[in-house]
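**Q** Give me a model of this one.
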Amino acid sequence: MRIRIDLAYDGTAFSGWARQPGLRTVEGELRQGLATILRTGEPELTVGGRTDAGVHARGSVAHVDIDDEAWGRLPGRSDREPGEALVARLRGVLPPDIVVRAATAVPESFDARFSALRRRYTYRLLDRPEQLDPLRRHDTVLVRGELDVTLMDEAAARLTGLRDFAAFCKPREGATTVRTLLEYGWKRDRCGVVLGTVVADAFCHSMVRALVGGIVPVGLRRRDPGWPLEVLQAGRRDPGVQVMPAHGLCLEEIVYPDGEEALRARTVEARAVREHL
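**A** Model (predicted):
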């Protein structure tokens, strides 16, 4: 059976999502927890968003294939559903910086990575150090100098659409850098935090943190609002774009279509190599 797992985690003490020998990772902890409960070898996991070291998640999604019998045994003598029992048992074996919110049986056509319609990330900046909430120091990045949020929002909006984001991606051989940036905006919340929201169909490696790094110089009035678009159109990494610290970034949500046919169609579409028209 294919099981969708909805989870959240504090990325501070993790070396990212992906399992790596000798390092503490979210995938490694979750695989070990599942193996303990299911009394099997560590199962393979597919995740909708592979986060880097230090990046947080409130709305991550993964899937795992579990033997039907093992799934059926999960409730034991209780009258709980298997998914409810799995969540409760994982709570007992996972560390406190990972929380599994739900475990749901889904069609085989569901793929946590390729079935996703869009991912939403937020990034937290603060340009007023005296206002930093010490309880939020692990998810908020301090910036020296006052940020003009209106200019930042204007510059960010110019980057949306189907584009080649090679200038904002860490290159990987054979991987496309064409993405559809559905939304990119900035605002200051009531606590004074400058909050960026980035939504796309998918992201390439380090893309969100580089997109933030392309906007911060605009907010500091060191670049004009048209500069990030000029960088993007040049198609190459610019030394003026800093890849921002990981701890300010959080994966907030991954959205999927409803129904088996829609899931299957989206998976085919996402696997196709995209080209910038």
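
**Q** Counting neighbours, what do you get for the closest residue to Asp65 other than its chain neighbours?
**A** Leaving out its chain neighbours, the residue that sits closest to Asp65 by CB to CB, 6 or more residues apart in numbering is Arg2, at 5.5 Å. Heads up, the C-betas are built off the backbone N, CA and C, glycines and all. Using other CB atoms under 10 Å, Arg2 is surrounded by 17 other residues.

**Q** thinking Arg2 is in contact with Val106, fair?
**A** Yes. With contact defined as CB atoms under 8 Å, Arg2 and Val106 form a contacting pair (5.3 Å).

**Q** Got the phi and psi for Leu74?
**A** Backbone geometry at Leu74, expressed as degrees, to the nearest 10, gives phi -60, psi -40.

**Q** re earlier: gap between the residue nearest to Asp65 and Arg271?
**A** 17 Å (CB to CB, to the nearest Å).

**Q** helices or strands next to the lowest-mean-pLDDT helix or strand in the chain in the packing?
**A** Least confident helix or strand, the chain: helix 260-271 with a mean of 89, by mean pLDDT, DSSP states H and E. The helices and strands touching helix 260-271, judged by 3 or more CB pairs under 8 Å, 6 or more residues apart in numbering; DSSP states H and E, number zero.

**Q** okay, it in CSV with CA atoms only?
**A** Extracted as CSV, the C-alpha positions of helix 260-271 are listed here (Å, rounded to 0.1, in the frame of the first residue of the first chain):
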residue,chain,number,x,y,z
GLU,A,260,-6.3,9.3,-9.5
GLU,A,261,-6.5,10.5,-13.0
ALA,A,262,-5.5,14.0,-12.1
LEU,A,263,-2.6,12.6,-10.0
ARG,A,264,-1.4,10.4,-12.9
ALA,A,265,-1.6,13.3,-15.4
ARG,A,266,0.3,15.6,-13.1
THR,A,267,3.0,13.1,-12.6
VAL,A,268,3.5,12.6,-16.3
GLU,A,269,3.6,16.4,-16.8
ALA,A,270,6.1,17.0,-14.0
ARG,A,271,8.4,14.3,-15.3
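
**Q** Please enumerate the strands of this structure.
**A** Secondary structure of the chain (DSSP state E): strands at 2-9, 45-47, 56-65, 98-106, 118-126, 141-142, 161-164, 178-188, 194-200, 249-255.
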